[in-house]
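**Student:** Sequence first, then the predicted structure:
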Amino acid sequence: LRRKLALAPKVNVSHTGRSRVFELLSDAISRGAVVLSGNHAVWSAMSEPRVAPLVLTGIHPETPMAQIDPFAPVAMLIPYGDIHEALDAAQRCPFALGASVFGPLAAARNVANQIQVGCVTINDVIVPTADPRLPFAASGRSGFGVTRGAEGLLAMTQVKATSIRRGRWLPHFDSPSPHDAELLASILKAGHAASWYGRVQGFCRLACSVWRQRRSRNNKKTRDNTNDQAE
């Protein structure tokens, strides 16, 4: 690993980015982190803009360096005792754009389902995320929204709903009735009672409620017509 990293090409990092990463690297090393590969001194703001990859080990998940998205070639190796400890360490980071899981497919799928990130790749790092057919979503402080895939196209659309009323039965336009609560309770019992007997009871009560409600409204219409004639 060290030999391959030594041959890895350098990456351009902005002045601000180098300065920020250098401060966090120095803080992590003061907390016990160890540089496994690379030289953190070249990350100072005064160094050249192109820097080689850096690998840290012995770093705690709550260290500030492990709580950022550096946008720089820095990797941190954090050991864990079991998968629950690994998931807990991952969830402590507020950034959740993507994650990679390596291992047997069944076990890797199980872990992938538990990681709260926008994109998970199994037995790979980043190549699948370049597939335009796959949605790529941000999560946590990494951002919001979806790009690419069908979901990405839908994210750029505006939903518009149009409803059409057919027929002349408009019960929702009627004035409130003292039998409304009884009618709704009967509908709920007819559709959701625990037994068929209870549902039959609900239908019977529903029929009675509809009859009483119609009679009440007809009586009201009769009274209204009488009052109009009297005036």
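**Tutor:** All right, it came through fine.
**Student:** For the rest of this, base every contact and every neighbour count on C-alpha atoms.
**Tutor:** Fine.
**Student:** isn't there a strand covering Lys189?
**Tutor:** No - looking at Lys189 with DSSP: H, G, I helix; E, B strand; the rest coil, it is helix, so not inside a strand.
**Student:** Compute the distance between it and Arg214, please.
**Tutor:** 20 Å (C-alpha to C-alpha, to the nearest Å).
**Student:** Which of those two has more residues huddled nearby?
**Tutor:** A direct count of neighbours by other C-alpha atoms under 10 Å for Lys189 and Arg214 places Lys189 higher, at 19 against 14.
**Student:** The closest residue to the more buried one other than its chain neighbours is in what secondary structure piece?
**Tutor:** Closest residue to Lys189 apart from its sequence neighbours, by C-alpha to C-alpha, 6 or more residues apart in numbering: Gly202 at 4.9 Å. Gly202 belongs to helix 196-230 when assigned by DSSP states H and E.
**Student:** For stretch 161-174, give the mean pLDDT please.
**Tutor:** The average pLDDT for stretch 161-174 rounds to 82.
**Student:** shouldn't Ile122 be in contact with Phe102?
**Tutor:** Yes - the pair Ile122 and Phe102 qualifies as a contact (C-alpha atoms under 8 Å) at a distance of 5.9 Å.
**Student:** which neighbours do the two share?
**Tutor:** Common neighbours of Ile122 and Phe102, counting by C-alpha atoms under 8 Å, 6 or more residues apart in numbering, are Ala108.
**Student:** With neighbour numbers in mind, choose between those two.
**Tutor:** Remark: of Ile122 and Phe102, Ile122 carries more neighbours, 18 against 15, as counted by other C-alpha under 10 Å.
**Student:** For the closest residue to the more buried one other than its chain neighbours, the count of nearby residues, please.
**Tutor:** Closest residue in space to Ile122, ignoring its immediate chain neighbours: Val101 at 4.9 Å, by C-alpha to C-alpha, 6+ apart. Applying other C-alpha under 10 Å, we find 19 residues neighbouring Val101.
**Student:** who touches Val101 in this structure?
**Tutor:** Val101 neighbours (C-alpha under 8 Å, 6+ apart): 108, 111-112, 120-124.
**Student:** again, but for Val117
**Tutor:** With C-alpha under 8 Å, 6+ apart, Val117 has these contacts: 96-99, 138-140.
**Student:** Surely Ala89 is in contact with Pro61?
**Tutor:** Yes - with contact defined as C-alpha under 8 Å, Ala89 counts as touching Pro61 (5.6 Å).
**Student:** In terms of neighbours, single out the busier of those two.
**Tutor:** It is Pro61, of Ala89 and Pro61, that has more neighbours when counted by other C-alpha under 10 Å, with 20 against 17.
**Student:** what residue ranges in this structure score low on pLDDT?
**Tutor:** By pLDDT under 70, the low-scoring segments of the chain are 40-47, 128, 220-231.
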